[in-house]
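1. just a sequence and a predicted model for now, questions to come.
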Amino acid sequence: MSLSPEDVAKIAHLARLAVNENDTLALGRDLSNILDLVAQMDAIDTAGVTPMAHPLEMAQRLRVDQVSETDQRDRYQSNAPAVERGLFLVPKVIE
């Protein structure tokens, strides 16, 4: 597939891109190469290929779900200027 400079300008307009007229030939050639590659991939018969999310058949290693730190909220809030029911109180900044 070969894209004309007018096609490239139209695509650039739709994508809201500023393209220099001197670059339209090179961009048209590059876009045509990309579209040709997509056409080649589209021509391949993939009827017997199983869809997959990852090429390797591996299970994710998971860590044990257990508490690794103790509750230190009181210690952290001991330096706070204002605390109420375990929450830090801060000045209102939005009216």
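-> Thanks, I have it.

2. from here on, just use CA atoms for contacts and neighbour counts.
-> Will do.

3. how far away is Asp65 from Met58?
-> Distance, Asp65 to Met58, by Cα to Cα, to the nearest Å: 21 Å.

4. give me the number of residues near Phe88?
-> By the criterion of other Cα atoms under 10 Å, Phe88 has 11 neighbours.

5. how about it, nearest residue that isn't a chain neighbour?
-> Leaving aside its sequence neighbours, Phe88 sits nearest to Ala82 (Cα to Cα, 6 or more residues apart in numbering; 6.2 Å).

6. next up, the contacts around the spatially most central residue of the chain.
-> What sits nearest the mean C-alpha location of the chain, by Cα atoms, centre = their mean, is Ala53, with 16.1 Å. Residues near Ala53 by Cα atoms under 8 Å, 6 or more residues apart in numbering: none.

7. and it, what pLDDT?
-> On pLDDT, Ala53 comes in at 78.

8. double-check that it belongs to a strand.
-> No - assignment of Ala53 by DSSP: H, G, I helix; E, B strand; the rest coil gives coil, placing it outside any strand.

9. where does it fall, phi/psi-wise?
-> Ala53 adopts backbone torsions of phi -90, psi -20, taken as degrees, to the nearest 10.

10. and for Glu6, the neighbour number?
-> Neighbour count for Glu6, taken as other Cα under 10 Å: 13.

11. what about the residue nearest to Phe88, how many neighbours?
-> By other Cα under 10 Å, neighbour count at Ala82 equals 12.
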